[in-house]
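In: here you go, sequence then predicted model.
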Amino acid sequence: MPVECLPYGPGKVNACMILGNITEFSGHLHPLIVHLPIGFILLAAVFNILSYLKKYENLKPAVSITLLIGFISAVLACIFGYILSLSGDYDPVTLSHHKFSGIVLAAISGFLYFISTDKVNREVRIPGKLFSVLLVGLIVLMSYSGHQGASLTHGSDYLTMRTLMQEVRDKPASVQSAMIYEDVVGPILQKKCSQCHQGGKQKGRFSVESLQTLLKGGKTGPAIVPGKLNESELYKRITLDPEHKDFMPADGKPPLTKTEVQIIKWWIGQANAVEGKTIAQLKNTDAIKPKIGAYLGFNKDAADEGEGDEKGFILAINPDIPVQADTMLITHLRAKGLMVRMMLKKPLMLDITLPANSGIKIADIKGNLMPLAKNIIWLNLSGNNFTDNDLAILRSFTNLEKLRIEKNPVTDGVSNDLIALKHLEAVNLNETKITDLTVVNLKKNPGIKRIYTWGTAVKQAN
């Protein structure tokens, strides 16, 4: 009888959602567990070879138990690897080779353990040299299976002469000489997207390997349409709310920074997704050159020595953010159960999340939060039963860009603390006690672009 997945209402968990999360989590155990059989099978081989020496012959009994652990961990790796294969779009041929060789590896390691036990040796005597040859053969098979697995993760050409001989591009001498795709856009996509969209793993049948693959796109069509942001699926995905199911990068991977998003937006919309051209060869670049300069890491001194029109790129990062802060405060917050991510080290930009229903009071963390207030760029305090009085501290978070306080019993009073936050761009107020008055108040802050008010008394027309 099929299982029927029923919704349980806002804020409640769907049974199938739980099952899906468990399955996805189980698959993610494969990269962890897969290293265990590698280590134990290699250790068994080392013990076996050393046991031929009189000095180390006492290691021979250890071969059997080491093979047993290797066999058990290989079976677990096969199980979790199969679950992982269901969660992504992998190259079918490489996946088939990796899967088959992994299963055979587990079977042979179990067989070698079986024939190495004292009970079997008393019944059937296996020549020691034959056993050693079989063990070496197992290592060869393990190397092949590992190579197939690495091809799925890093691409089929990760271990080729082409990769070895591939030249690493030198950092451009200036913003003007930088190639827009080769030096800027391409590296951004490689760093943030290639783990899931290149080589043997191409979720949605989409790869960021080249401009051609971007134009081709995947299941949903072209990833980019030159000159048309609204039709470019890549841009849509990276600018969704991080909580949206289609937001990319997915699975908790580091999102693109504000500067990276702005560069890709300009490249698609203004530069028509061009490649093979330097910034100097493109038109209307005055607004984007500071962002590109910040991404490439040119410092102020270098800008002073170069072209004058490159000066001022440091404005791409909010100059009000303190360069440093007391890192012990971050340690204390983590110890109390908060998740703290460093978005940038200089200046120090923080993304802080207090898990929902934590039971932690504002008074418990205020002493550690307030000294870091100007370094906090993203803040998530959702679902912790905080009131307007609790959240009065927000007025001190002057560099805040994204704020999530949904599922808290806050009222219109909280808007008074947010109006003056000139860098605030998005605030999530879903399932709170606010009314239309909050929206009216927040519109007084021209920096706020997105206000989420689902499940409130606010008329959605606002």
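Out: Nice, I can see it. Numbering: from 1, shown residues only.
In: could you list the domains of the chain?
Out: Segmentation of the chain into domains, based on automatic domain parsing, reads 15-163, 180-316, 327-452.
In: possible to save these as CSV with mean neighbour count?
Out: To be clear about C-beta, it is placed using only N, CA and C from the backbone, and glycine gets the same treatment. As requested, the domains of the chain are exported to CSV (neighbours: other C-beta atoms under 10 Å):
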stretch, mean neighbour count
domain 15-163, 16
domain 180-316, 17
domain 327-452, 18
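In: by mean pLDDT, show me the worst of these.
Out: Here these differ in mean pLDDT, and the lowest is domain 180-316 at a mean of 75.
In: list the contacts of the closest residue to residue 247 other than its chain neighbours.
Out: Distances taken as C-beta to C-beta, 6 or more residues apart in numbering place residue 240 nearest to residue 247, at 4.3 Å, with adjacent residues excluded. By C-beta atoms under 8 Å, 6 or more residues apart in numbering, the contact set of residue 240 is 246-248.
In: list the contacts for residue 369?
Out: 333, 352, 376, 393.
In: now do the SS call for it.
Out: Three-state call for residue 369 (DSSP: H, G, I helix; E, B strand; the rest coil): helix.
In: the stretch 301-450 of the chain: helices as residue ranges?
Out: With DSSP state H, counting those that start in this stretch as the definition, the stretch 301-450 of the chain shows helices at residue ranges 327-335, 362-369, 415-418, 436-442.
In: now tabulate those helices in JSON lines and tack on distance to residue 148.
Out: As requested, those are exported to JSON lines (distance: least, C-beta to C-beta, whole Å):
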{"stretch": "helix 327-335", "distance to residue 148": "38"}
{"stretch": "helix 362-369", "distance to residue 148": "47"}
{"stretch": "helix 415-418", "distance to residue 148": "53"}
{"stretch": "helix 436-442", "distance to residue 148": "53"}
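In: closest one to residue 208 among the ones you listed?
Out: helix 327-335 (32.4 Å; C-beta to C-beta).
In: how far does the closest one sit from its chain's centre?
Out: 23 Å (C-alpha atoms, centre = their mean, to the nearest Å).
In: distance of residue 295 from residue 226?
Out: 21 Å (C-beta to C-beta, to the nearest Å).
In: before we move on, what about residue 129?
Out: Taking C-beta to C-beta, one finds residue 129 at 65 Å from residue 226.
In: just residue 284 next, same as before
Out: Taking C-beta to C-beta, one finds residue 284 at 15 Å from residue 226.
In: same check on residue 405?
Out: For residue 405, the distance to residue 226 - C-beta to C-beta - is 39 Å.
In: try residue 52
Out: Distance from residue 52 to residue 226, by C-beta to C-beta: 66 Å.
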